[in-house]
Each structure stands twice: as structure tokens, then as C-alpha cells.
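Visitor: requesting a structural model of the entry that follows:
(one chain, ligands or ions: 1)
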Amino acid sequence: MDKIVVKGGASLHGSVEISGMKNAALPIIYACALVEDKCIIENVPDVRDVALSLNILKEMGATVTSVGKNAVEIDCTELRCGTSRPELVRKIRASYYLLGSEFGRFGRSTVAYPGGCDFGGRPIDQHVKGFEYLGAKVNVDCDMVEIESEHGPVGANIFFDFVTVGATINVMLAAVLAEGTTVIENAAREPHIVDLANFLNTCGARISGAGTDVIKIKGVNNLHGCTYAIIPDMIEAGTYMIAAAATGGCVRLTNVIPKHLECVSSKIEETGAIVDEYDDSVVVTGKDTVRKANVKTRPYPGFPTDMQPQMATLLCLADGVSCVTEGVYEKRFRYVAELQKMGAAINVDGRSAVIEGGKPLHGASVEAVDLRAGVAMIIAGLCAEGTTEISQIHLIERGYDDVVGKLKSLGADIEKVSYPD
Ligand code: EPZ
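Guide: Purely as a prediction, here's the structure:
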């Protein structure tokens, strides 16, 4: 079994390059299933979820070729609809983008019900609503999701009951080749929604409004190949920003889009650190003390739910009582029990966690309960007295490219250690 071992006490200094965004790369990889041509995707992060998704497409008949560092050529000309392997599909949530791509290209789809992190119920009712508005008959059971239609997707106006990244993406994928125009209202506005729209438009789609809550998609007859670079990962960037603030260090993050980080930067500055913004980089300078703050996670441009465990860890160091409220998922505080093993004083009540800062953290053996919680354990270990051992690190590797190497280059005392099972 592999573990990450962190010795606390070092403050981080230096420069780190941010990788391509996992949650932008995944929909774009599955969007290639719509294209009967070669697509070259650049700035692809080297993370488990990407490798798994490329394998799923390969097993379905796609040709996937590495064409350089962090670049891959995907040709889905020979893709066979409905042939994804359930055991692979169930490992992650993003595999459910196959539903939109298969329905969009073939007029039907059969995919195992998706997996993904355990944040409570993660229903797909809005995905189903979108597909049905586009003319599909959708059958969902605990094992499989099946989509049928008489003659493929037909454009429609869809108003989501609430903001959902996944359903916005899936309807975009289903609608690009539809007959007629689709309008999505109450759409998610995340940067990776814009990135997907830009990729699809580069392939010949006609999408406008991505990044706002109204997205219009004019169906086209087919898409052609292209070369496209993924945007930088704002969540990876936010994670290193918080690590710099928590350790009282000074770190430059390169290959970022500061605009995407505005909410995170503002909240980090509220805790006392300084964030200097440049064209494609930010510099975070931590202070000796961390100020308390309250945060509620919201869809973009609000504070990202995927930054919640990292921010809560920073607030464990604060000079007072802070409150973290999870506004997106039913439950996303499983990591609190792990922080409590390290001495954190946190009380969870429903969707809120009250954090009594200033209790010194000490090293412990803890578990990564999901990828963002896992990286929060690393941040806690960097700030703790003594040594912290983190298990289940394959979850961290789902979404962080070389996290040990990057932190080591910033001065962290951190190693990946293999233990006999
Ligand atoms: C994506 O998940 C991300 N995953 C998540 O990142 C991220 O936390 C989330 O968006 C919010 O930003 C990927 O991109 C692979 P949603 P997704 O559809 O698509 C409920 C990470 O750490 N909902 O916006 O599942 C749902 O249960 C991961 O990288 C319905 O009820 O997000 C959840 O509570 C974790 N019905 C909330 O909405 C639906 O039909 C957000 O879902 C759809 C969603």
C-alpha cells in the first residue's frame, strides 16, 4: 500500500507550475466521442481519472495516442456505442458524460450508473430531464442508464431546477449535433463549461453564452477534429495557494488564470495572507497568523465546493472561531474526523462545520476520504507538529498531478512511501 508521509514545520517557498484542469479535461475527452476525426488535446493533467477515461474510450474502439508531454491524440471514428465497461465506468463520475456524447452522436446510449466521491445522494434527475426534453426515452436503474430515441436529439428549451455542472455538460454534449436549437437556462457557469464550449466550437459546433446562465446550442450536422489546450486547474491552484498561506510561505503559481481564482483569492486574503495577481501567475505570501473567516460553498463564481476541505484546514490555524457551510453537496465533511485525529477542534452540524481555530495540530495516521479531502490532509500535515501518514493516496492521485514532487520542490518534507500490503 502506498502512503504519503509529511513532516510538519517547513514553510513553502518557490514557484510551482499548475497543470491542466482535471474537470475540464474529462468532459473534453468524452466530447471527442462526438467527433469522427482526430482531436489533439494539450495541457492534459497526468492524473488517474484522465488515464481511466482514455482507457474507457480505447476499449470502446477509439484510437488514443500520446503525442508529447501532457498531449494526447484521440480518434473516435470507430467508436462502438454502448460498449463501455461497467467496472471502469463505475470508478468515476465523469464517465457519465458518455451518455450525452453517445446520445448526441448515435441517438442512443447505454452506460453503467456512474460512481464518484461519496458526498451523499448524487442523483442524475436533471440529466434525465435534459435528455427527455431533447426527445429521449431514458431508463435508469441502480446498475445502468439507457437512452433511446426514434431519430436522435431534437433541440429544446431546458430550464434546470438548480445549477448542476454535470447536467449542463451532458446536455451540451447531447445538443451539439441535434436537429434545431437548444437553450439551457439556469446553466452552470464554471470555467470548465466555457472550456468545453470553446473546444466544441473549435470542432465546428455553434455554442454561445457559455459562462453565463443561458447557453444556446445550434445543432450542426457533424464535427471535425482540432487541436485544443485545456485551461489551467483552478482547484489545484487554490490548493497550493492555501498551502502557502497555511505554512506562512511565499509561493508563485505559474500557468494560472487569476480571474478563475477571484473568490478563492479574496477568501485567502480575508484570512490575512497577501495575493498578488499577474497575467498568468499569482504570488501568495502567508503571514505568521491566520485570521478567522466564514465561508459558504456555491456554484461558480462562488467559493468552490472542491476547495472546502482545504479552506477548513487553513481555518483550523486561525485565531478564532470560523464557520464553513457546504452549499452544494448533502455531506462533504467526512474528512473532519481525520482532522480531529490531528487535534483539530471542529463540530459538524448538518451542512455547517464550526471550527475553533488555534488548537495546535499534531501528526497522526489519517486517511484520504476523497481527492480534495486527501490533499487537505497533506496541508494539515505540513502545519502539524511531527509526522503525518496519509493512506488511500490513490484518491489524491485521481486529481493531482505529481503533488509530492511539486510540494517537495517548494521545500516540503514529504515522501511517497510504499508499504507491503
Ligand atoms: C462536478 O461534479 C465535479 N466533478 C465535482 O468535482 C464538483 O464538486 C461539482 O461538479 C461541483 O462543482 C467533475 O467535474 C468530474 P453537479 P457533478 O452536477 O457534475 C446535485 C472533484 O473533486 N445534482 O454540479 O456531480 C448533486 O447531487 C469533484 O473534482 C442533483 O441533485 O456536480 C450534487 O449535490 C468532486 N441532480 C450537486 O447537485 C442532478 O441531476 C452538484 O452536482 C445533478 C446534480
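
Visitor: how about E269, secondary structure?
Guide: Secondary structure, DSSP: H, G, I helix; E, B strand; the rest coil: E269 is helix.

Visitor: local confidence estimate at the closest residue to P258 other than its chain neighbours?
Guide: Leaving aside its chain neighbours, P258 sits nearest to E277 (4.2 Å; criterion: C-beta to C-beta, 6 or more residues apart in numbering). Glycine gets a C-beta too; all of them are placed from N, C-alpha and C. You'll see E277 listed with a pLDDT of 98.

Visitor: what number of residues lie near E277?
Guide: 14 (other C-beta atoms under 10 Å).

Visitor: same thing with K287?
Guide: Under the neighbour criterion other C-beta under 10 Å, K287 is assigned a count of 12.

Visitor: with E397 instead?
Guide: E397, neighbours per other C-beta under 10 Å, totals 22.

Visitor: which parts of this protein are helices?
Guide: Residue ranges of the helices in the chain, as given by DSSP state H, are 22-31, 48-59, 86-89, 97-106, 125-133, 165-175, 191-202, 234-246, 262-270, 308-315, 336-341, 371-383, 403-409.

Visitor: need those helices in a markdown table (columns: mean neighbour count).
Guide: Shown next, in a markdown table, are these (neighbours: other C-beta atoms under 10 Å):
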| stretch | mean neighbour count |
| --- | --- |
| helix 22-31 | 27 |
| helix 48-59 | 19 |
| helix 86-89 | 15 |
| helix 97-106 | 27 |
| helix 125-133 | 21 |
| helix 165-175 | 27 |
| helix 191-202 | 22 |
| helix 234-246 | 27 |
| helix 262-270 | 19 |
| helix 308-315 | 28 |
| helix 336-341 | 19 |
| helix 371-383 | 28 |
| helix 403-409 | 19 |
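
Visitor: JSON lines for the ones you listed, including mean pLDDT?
Guide: Below are these laid out as JSON lines (pLDDT from 0 to 100):
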{"stretch": "helix 22-31", "mean pLDDT": "98"}
{"stretch": "helix 48-59", "mean pLDDT": "98"}
{"stretch": "helix 86-89", "mean pLDDT": "96"}
{"stretch": "helix 97-106", "mean pLDDT": "98"}
{"stretch": "helix 125-133", "mean pLDDT": "98"}
{"stretch": "helix 165-175", "mean pLDDT": "98"}
{"stretch": "helix 191-202", "mean pLDDT": "98"}
{"stretch": "helix 234-246", "mean pLDDT": "98"}
{"stretch": "helix 262-270", "mean pLDDT": "98"}
{"stretch": "helix 308-315", "mean pLDDT": "98"}
{"stretch": "helix 336-341", "mean pLDDT": "98"}
{"stretch": "helix 371-383", "mean pLDDT": "98"}
{"stretch": "helix 403-409", "mean pLDDT": "98"}
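
Visitor: same list (the ones you listed) but as TSV, adding distance to I355.
Guide: Listed next are the helices of the chain as TSV, based on distance: least, C-beta to C-beta, whole Å:
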stretch	distance to I355
helix 22-31	26
helix 48-59	29
helix 86-89	37
helix 97-106	35
helix 125-133	32
helix 165-175	27
helix 191-202	28
helix 234-246	13
helix 262-270	14
helix 308-315	5
helix 336-341	9
helix 371-383	12
helix 403-409	23
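
Visitor: mind putting those in TSV, distance to the ligand included?
Guide: Shown next, in TSV, are those (distance: least, C-beta to the nearest ligand atom, whole Å):
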stretch	distance to the ligand
helix 22-31	4
helix 48-59	7
helix 86-89	13
helix 97-106	8
helix 125-133	3
helix 165-175	3
helix 191-202	7
helix 234-246	7
helix 262-270	13
helix 308-315	9
helix 336-341	16
helix 371-383	5
helix 403-409	14
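
Visitor: which parts of this protein sit against the ligand?
Guide: 23, 26, 93-94, 117, 121-127, 164-167, 305-306, 328-329, 371-372, 399 (C-beta under 6 Å from any ligand atom).

Visitor: just how off-centre is stretch 4-14 within its chain?
Guide: 24 Å (C-alpha atoms, centre = their mean, to the nearest Å).

Visitor: equivalent analysis for stretch 136-145, please.
Guide: 25 Å.

Visitor: give the buried residues for it.
Guide: Neighbour counts over stretch 136-145 (16 or more other C-beta atoms under 10 Å) mark A136, V138, V145 as buried.

Visitor: what does stretch 69-78 give?
Guide: Judged by neighbour count (16+ other C-beta under 10 Å), stretch 69-78 contains these buried residues: N70, A71, V72, E73, I74, D75, C76.

Visitor: just checking, which of the residues you listed belong to strands?
Guide: Among the buried residues of stretch 69-78, DSSP state E puts V72, E73, I74, D75 in strands.

Visitor: residues in contact with the second one?
Guide: With contacts taken as C-beta atoms under 8 Å, 6 or more residues apart in numbering, E73 has the following neighbours: K38, C39, I40, I41, T63, V64, T65, S66, V67.
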